[in-house]
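Q: How does the following fold in three dimensions:
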Amino acid sequence: MNPAVETVLKRVLPPLALLVFGIALVQVLVTALDIPPFVLASPAAIWDEIVAYLPAIASATLVTGLNALWGLLLGSVIGIALAVLASRTRVIDGMLAPIVAAIAVVPIVALAPVLYTMFGSTSETARVLIAAVAAFVPIFLNTLRGLRQVRPVQRDLLRALAATPAQVIRTLTIPAALPHFFTGLRVASSLAVISALVAEYFGGPRQGLGAAITTAAANSAYARAWAFVLGAIVLGLAFFLITSLIERAFTRFAR
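A: All right, here's what the predicted structure looks like:
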């Protein structure tokens, strides 16, 4: 067997087997113990709802995914820009530290109604901003930490070798900061999805996953609600996988 294929199988088969075993176990327990659907829907019932409502699940996932994506991009741009400024100027660093600490503890429950009032309940802007706020903090903190990994003696050595500022940034600052930035990006991608999803519980347009979950649960369609929850899980995994692939590509390029 090809070594690459064997490696992939070793990584994929164990978690896949565990997943299948878990689903089968839940199905047996729900059937044997006659657990009510509002406590735990059976995997068979959830699968039936997935098949029946697959277009609606895909559409809702796309709406929530776009809000999370735009929020992630906005939060990343602002986080990187402010991290660069903070790494260069102590005054700005001192000013931003308490602000970032305050932003980190702002609950979505409190922020969502305010933003819906500001930008209107028919706009997706509030959800994008909530996702951006959630993504901003880990991006900023990790990028700033990465930029601070470069020691003055390393910069002095490159300058002694007649390196230009652009060469110092390209060969020293960026390679040192990239691992920390991508750590923040992986965390931010998950937070952006969660924040965009939770923000949908508090108003706004009804096309996203959060609204679909609450509507199904309110109508006692618990298996359907779980089907939309699985859509949210797939969305979160997709964001994590894409950011991991981007990290791998950039790491190889930096080398």
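Q: Tell me where the stretch 51-200 of the chain has helices.
A: 54-88, 90-104, 108-119, 125-147, 152-160, 165-168, 174-199 (DSSP state H, counting those that start in this stretch).
Q: And the third one, what's buried?
A: Which is helix 108-119. Neighbour counts over helix 108-119 (16 or more other CB atoms under 10 Å) mark Ile108, Leu111, Ala112, Leu115, Tyr116, Phe119 as buried. In short, each C-beta sits where N, CA and C put it, glycine included.
Q: circling back: need the helices of the stretch 51-200 of the chain in CSV with mean pLDDT and distance to Ser220, can you?
A: Converted to CSV, the helices of the stretch 51-200 of the chain look like this (pLDDT from 0 to 100; distance: least, CB to CB, whole Å):
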stretch, mean pLDDT, distance to Ser220
helix 54-88, 91, 17
helix 90-104, 83, 37
helix 108-119, 82, 25
helix 125-147, 89, 27
helix 152-160, 60, 63
helix 165-168, 59, 62
helix 174-199, 86, 21
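Q: Please identify the deepest-packed of those helices.
A: Each of these was assessed for mean neighbour count using mean count of other CB atoms under 10 Å. The highest is helix 125-147, with a mean of 25.
Q: Of all the helices of the stretch 51-200 of the chain, which one comes closest to Val12?
A: helix 174-199 (20.2 Å; CB to CB).
Q: The helix or strand just after that closest one versus helix 174-199: what angle between them?
A: Once helix 174-199 ends, the next helix or strand along the chain (criterion: DSSP states H and E) is helix 209-218. Here the directions of helix 209-218 and helix 174-199 differ by 30 degrees (axes from the mean of the first three to the mean of the last three CA atoms, to 10 degrees).
Q: what's next to helix 209-218, contact-wise?
A: Residues from elsewhere that reach helix 209-218 (CB atoms under 8 Å, 6 or more residues apart in numbering): 56-57, 60-61, 63-64, 197-201, 204-206, 222, 224-225, 227-229, 231-232, 235.
Q: Go again with 7 Å.
A: Residues outside helix 209-218 that contact it (CB atoms under 7 Å, 6 or more residues apart in numbering) are 56, 60-61, 64, 197-198, 200-201, 224-225, 228-229, 231-232.
Q: how big is the angle separating it from helix 54-88?
A: Using the same axes, to 10 degrees, helix 209-218 lies at 140 degrees relative to helix 54-88.
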